[in-house]
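In: just coords:
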Ligand code: PMP
């Protein structure tokens, strides 16, 4: 039936999400979800929002959620854009802010959705290779009147840049839009949000999917100068005027307000990560320095793919990328202490 497809569809090369098996028998360390449940306040808010008001359209501005984010980060409602997961926010960002005559730059070895959006919106993009040690070196990024996007920490490498490096980039790039994708920032990196007042070309994108345990609710957001936010609102309102449903707005807002629960979740994951890194290192793995809720580790025998398959057979799912340079590594999401203990003991047997 593909004769009915538009040329655009023929030319798409869509993103392939990590496995989401239906049989529940795996220890799931493959898609960087949070192993802990969402804040009880978030769950209560979602339940409370599921009432007769669902017959009405939700707030098209999602003000309750924007206010919760604004309070947390000490910014204004006008600095915030929300969407259905940061993937959707990023889609609007690529379309509305990153398509220019000058190229869009992003790291080669990074979030694999970037080339998908660049292709979808036919953006002139250039990939900048990581350094030998897998670092993103922002000194390698130079463009006028174009765009730059990178995750901090980067994925799947887990390595973070300091704010000084990001600020140095912004100092020399006031004519290009700079987007920092902070999906994993809460596990040990520093957010660039405090820099938005000084740099009107900076947009920071975050998600509720990782540190706030709400991947299933699909909520993400962007923070930046109101001019950038207006551009995103224009794109969004040309596509779908209701960014989020009533339950998503209420649940995400409550999660944002529950600071103590959020901090506890992050602390637990960081502690488990440090324990995991130590154990993997003792087993001979080489592990990149992680500021994320996952680690990127090279097995001593160089057998990443067969190890991935053997782990899967024994009920542990991790992520393997069959791509040059990173095909020697496994990306392992940090689970609970018990899950990591099982993972490590299966690994030791193998
Ligand atoms: N950015 C990066 C770097 C990611 O790894 C992910 C998660 N796969 C996302 C954005 C998107 O997350 P979500 O759509 O769940 O907010």
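Out: Received, thanks. Worth saying up front: this structure is predicted, and the values here are computed from it rather than measured. Numbers count the residues shown, from 1 in each chain.
In: what mean pLDDT does the one helix or strand residue 164 maps to have?
Out: Secondary-structure assignment from DSSP states H and E places residue 164 in helix 163-172. In this model, helix 163-172 carries a mean pLDDT of 98.
In: partner strands of the helix or strand just after that helix, with direction?
Out: Using DSSP H and E, the helix or strand that follows helix 163-172 in sequence is strand 177-181. Strand 177-181 has the following strand partners under DSSP bridges: strand 147-151 (parallel), strand 202-207 (parallel).
In: sorry, back to before: please point out which parts of the helix holding residue 164 sit buried.
Out: With burial defined by 16 or more other C-beta atoms under 10 Å, the residues of helix 163-172 counted as buried are 163, 165, 166, 169, 170. Where you see a C-beta, it was placed from the backbone N, CA and C, and this is true even at glycine.
In: enumerate the residues of the stretch 51-200 of the chain near the ligand.
Out: Taking C-beta under 6 Å from any ligand atom as the test, the list of the stretch 51-200 of the chain residues beside the ligand reads 85, 86, 87, 111, 151, 155, 181, 183.
In: state the distance from the second one to residue 252.
Out: Residue 86 is 12 Å from residue 252, where distance means C-beta to C-beta, to the nearest Å.
In: of those two, who's got more company?
Out: Each of residue 86 and residue 252 has its neighbours counted (other C-beta atoms under 10 Å); residue 252 has more, 29 against 26.
In: help me confirm that the more buried one comes into contact with residue 220.
Out: No. Counting by C-beta atoms under 8 Å, residue 220 is not a contact partner of residue 252; they are 9.3 Å apart.
In: list the buried residues in the helix ranked longest in the chain.
Out: Longest helix in the chain, counting residues (DSSP state H): helix 259-282. For helix 259-282, burial by neighbour count (16+ other C-beta under 10 Å) applies to 261-262, 265-266, 268-270, 272-273, 276-277, 279-280.
In: dump these to TSV, plus pLDDT and distance to the ligand.
Out: Below are the buried residues of helix 259-282 laid out as TSV (pLDDT from 0 to 100; distance: C-beta to the nearest ligand atom, whole Å):
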residue	pLDDT	distance to the ligand
261	98	19
262	98	16
265	98	16
266	98	16
268	98	20
269	98	15
270	98	18
272	98	19
273	98	16
276	98	19
277	98	19
279	98	24
280	98	21
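In: what segments of the protein are strands?
Out: Using DSSP state E, the strands of the chain run over 27-28, 80-83, 104-108, 125-129, 147-151, 177-181, 202-207, 220-224, 286-287, 294-298, 316-317, 319-320, 330-333.
In: columns mean neighbour count and distance to residue 60 on top of those, output as TSV?
Out: Formatted as TSV, the strands of the chain follow (neighbours: other C-beta atoms under 10 Å; distance: least, C-beta to C-beta, whole Å):
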stretch	mean neighbour count	distance to residue 60
strand 27-28	21	35
strand 80-83	26	11
strand 104-108	22	29
strand 125-129	17	32
strand 147-151	25	27
strand 177-181	27	24
strand 202-207	26	20
strand 220-224	26	15
strand 286-287	16	45
strand 294-298	24	35
strand 316-317	22	38
strand 319-320	20	36
strand 330-333	27	34
